[in-house]
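Asker: next comes the sequence, and after it the predicted model I'd like to discuss.
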Amino acid sequence: MKSAADSLETETFTAEREWVVEGIPVLTARIALPEPIGPETRLKRRIRRYYRTQCRAYLRYCGRQLFPMAAAAYRAALASSAPLPCFRAELTYHVTCHEGGFWSLYTQSQEPDDGGRTLLRRWGDTWDLRTGYPAALPSFFPPHSGWKKQLLHLAAGEIRQQEAAGHARYLPGWQRKLRRNFNARNFYLTPEGLVFFYPMYAIAPAMEGIPAFTVPWNRQQDETEPQ
């Protein structure tokens, strides 16, 4: 049984907003994020503030970035007598691991881009329930292990295997892009291992979505084995 320090109960809180032009809805946003429940603690207050802030930030982003694009598309459709568009944006979450004193998840948005395609954006969060703060990626590897170089090596090996098998396609010069677009905040935990990922379009075309690579917990090589 998990101790109080190793567990976290949550439910989902939602928010919706609509933006209109001349009384016609042109953009709707729906948000679903985690909300701690049960007896109040400092950790729960911190997590609640974090995701409430993310909710407000995403709604501001929709209003400042997506609404002008949706309004322009509406006016262009009106001028050409085309069907009136209504853009939709969504921010949701998925808990990937809740064991060993960690609560890990990713939040992901789905929204239109300026080319009429669907853009996916992802953020990873791993909370150390014992300290009450997010855990950093280097903390899952031995000190002075050169973890970044090792993760890049692992990703490069997987990419070569995927391309050789015809399972995926990456952008020309992906080796350089792999290094330039690496972000130590882009990770989360799963029962199978630690997953680090890249933004959509960063190293692969849109058809590949969000490229993600897993370091298995039982990996035998010392250079890529998390603690």
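Answerer: Happy to help now that I have it.
Asker: how long is stretch 83-92 end to end?
Answerer: Between the opening and closing residues of stretch 83-92 we find a distance of 28 Å, counting by Cα to Cα, to the nearest Å.
Asker: ugh, wrong one, I meant stretch 201-215
Answerer: Across its full length, stretch 201-215 reaches 22 Å end to end, with Cα to Cα as the criterion.
Asker: confirm that residue 151 lies within a strand, as I assumed.
Answerer: No: remark: residue 151 does not belong to a strand; assigned using DSSP: H, G, I helix; E, B strand; the rest coil, it is helix.
Asker: I'd guessed it sits against residue 213; true?
Answerer: Yes: with contacts defined as Cβ atoms under 8 Å, residue 151 counts as touching residue 213 at a distance of 7.5 Å. Where C-beta positions appear, they are placed from N, C-alpha and C, glycine not excepted.
Asker: need the residues touching each of these two.
Answerer: With Cβ atoms under 8 Å, 6 or more residues apart in numbering applied, the overlap between the contact sets of residue 151 and residue 213 consists of residue 196.
Asker: in this structure, which spans are helices?
Answerer: With helices called from DSSP state H, the chain shows them at 42-61, 67-79, 147-165, 174-180.
Asker: what's the spacing between the last one and its chain's center?
Answerer: The chain centroid and the centroid of helix 174-180 are separated by 20 Å, computed with Cα atoms, centre = their mean, to the nearest Å.
Asker: quick check: mean pLDDT of it?
Answerer: When pLDDT is averaged along helix 174-180, the result is 96.
Asker: next, name the residue at the spatial heart of this protein.
Answerer: With distances taken as Cα atoms, centre = their mean, residue 122 lies nearest the centre of the chain, 2.0 Å away.
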